[in-house]
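Peer 1: Sequence and computational prediction follow.
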There are 2 protein chains.
Amino acid sequence: MTASFAQLPKPPYYAVIFSSQRNADDDAGYGEAAQRMVELAAQQPGFLGVESARGGDGFGITVSYWTDEAAIAGWKRQAEHAATRAYGREHWYDHFELRVAKVERAYGSKGKS
Amino acid sequence: MTASFAQLPKPPYYAVIFSSQRNADDDAGYGEAAQRMVELAAQQPGFLGVESARGGDGFGITVSYWTDEAAIAGWKRQAEHAATRAYGREHWYDHFELRVAKVERAYGSKGKS
């Protein structure tokens, strides 16, 4: 997966918040596919960035950022992504939730270090 | 932190997406404060739920969910939260980004298991 923070423009833009509980199966296959999906998303029109974290308990959150709903719809239709998504639902996740949200404001800070 | 998935109403509602890079300091103090903030948030008017994940590299995403912007503003003003937030910026994080978004649609699925 990409490391840490997405570099994003000023809002508004869209966020796809994907929360998931991994099962214990197929770590190698999952890791390879996750990396491939990030590479593929980055080539997609309207992609702005992605952030992802998963704890040792297998619960993870990935937030991908997009210019608008049309870009999200385009990514959903992307053929390899659609196939991987269908495979993942069957094989890699016990449970997932997906929420699509319009980012209205944002701010950040780098600490002292 | 709370375990895994938030139980949320149908959209619309608001999401506060907090991405952060922990430094290596004060794991005990941080863990205690994080737990306390979840307990405190849950008592706050308009709180809907929270999901959180952090990987072994210290990069984490916490998404808290709220009924509306007024609820988010109320939580931001909550005195103990404000004090902990200020402390955390100085002591626990190398970098954080916060994005406030209106969730427009959502769906989920439990897998076969």
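Peer 2: Structure's in. What do you need? A quick note: this is a predicted structure, and the numbers were derived from the prediction, not measured.

Peer 1: Specify the local secondary structure of A:Ser4.
Peer 2: Assigned with DSSP: H, G, I helix; E, B strand; the rest coil, A:Ser4 falls in the coil class.

Peer 1: Count the neighbours of it for me.
Peer 2: 19 (other C-beta atoms under 10 Å in any protein chain shown). Just so you know, the C-beta spots here come from the backbone N, C-alpha and C atoms, and that holds for glycine as well.

Peer 1: so it makes contact with B:Phe59?
Peer 2: Yes: between A:Ser4 and B:Phe59 there is a contact under C-beta atoms under 8 Å: 4.9 Å.

Peer 1: anything in contact with each of the two?
Peer 2: Shared contacts of A:Ser4 and B:Phe59 (C-beta atoms under 8 Å, 6 or more residues apart in numbering or on different chains): A:51, B:19, B:21.

Peer 1: Could you list which of these belong to strands?
Peer 2: Among these, the residues falling in strands (DSSP state E) are A:51, B:19, B:21.

Peer 1: Can you lay out those as TSV showing neighbour count and distance to A:Gln43?
Peer 2: Formatted as TSV, those follow (neighbours: other C-beta atoms under 10 Å in any protein chain shown; distance: C-beta to C-beta, whole Å):
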residue	neighbour count	distance to A:Gln43
A:Glu51	24	18
B:Ser19	23	23
B:Gln21	21	26
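
Peer 1: My read is that A:His91 contacts A:Arg22, right?
Peer 2: No: here A:His91 does not reach A:Arg22: they are 10.4 Å apart, not a contact under C-beta under 8 Å.

Peer 1: is chain B contacted by stretch A:48-63?
Peer 2: Yes: Stretch A:48-63 comes into contact with chain B (C-beta under 8 Å from any C-beta of the partner chain), by way of A:51-57, A:59-61, A:63.

Peer 1: Show the buried residues in those.
Peer 2: A:51-55, A:59-61, A:63 (16 or more other C-beta atoms under 10 Å in any protein chain shown).

Peer 1: on that earlier part again, more neighbours: which of A:His91 and A:Arg22?
Peer 2: Neighbours were counted for A:His91 and for A:Arg22 using other C-beta under 10 Å; A:Arg22 has more, 19 against 15.

Peer 1: now that one, nearest residue through space, not along the chain?
Peer 2: On the basis of C-beta to C-beta, 6 or more residues apart in numbering or on different chains, the spatially nearest residue to A:Arg22 that is not a chain neighbour turns out to be A:Gly58, at 4.0 Å.

Peer 1: Let me see the ranges of the helices in chain A.
Peer 2: A:27-42, A:69-77, A:79-91 (DSSP state H).

Peer 1: Who are the packing partners of the first one?
Peer 2: In this case it means helix A:27-42. Under the contact criterion of 3 or more C-beta pairs under 8 Å, 6 or more residues apart in numbering or on different chains; DSSP states H and E, helix A:27-42 touches strand A:47-54, helix A:79-91.

Peer 1: helices or strands up against the strand ranked longest in chain A?
Peer 2: Counting by DSSP E, the longest strand found in chain A is strand A:93-110. With contacts defined as 3+ C-beta pairs under 8 Å, 6+ apart, strand A:93-110 has these neighbours: strand A:13-22, strand B:13-22, strand B:93-110.

Peer 1: taking the mean pLDDT, what do you get for that strand?
Peer 2: For strand A:93-110, mean pLDDT is 95.

Peer 1: Quick check: buried residues in that strand?
Peer 2: A:93-97, A:99-103, A:106.

Peer 1: Need the residues you listed in CSV (columns: distance to A:Lys10).
Peer 2: Shown next, in CSV, are the buried residues of strand A:93-110 (distance: C-beta to C-beta, whole Å):
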residue, distance to A:Lys10
A:Tyr93, 33
A:Asp94, 37
A:His95, 34
A:Phe96, 30
A:Glu97, 28
A:Arg99, 22
A:Val100, 20
A:Ala101, 16
A:Lys102, 13
A:Val103, 10
A:Ala106, 8
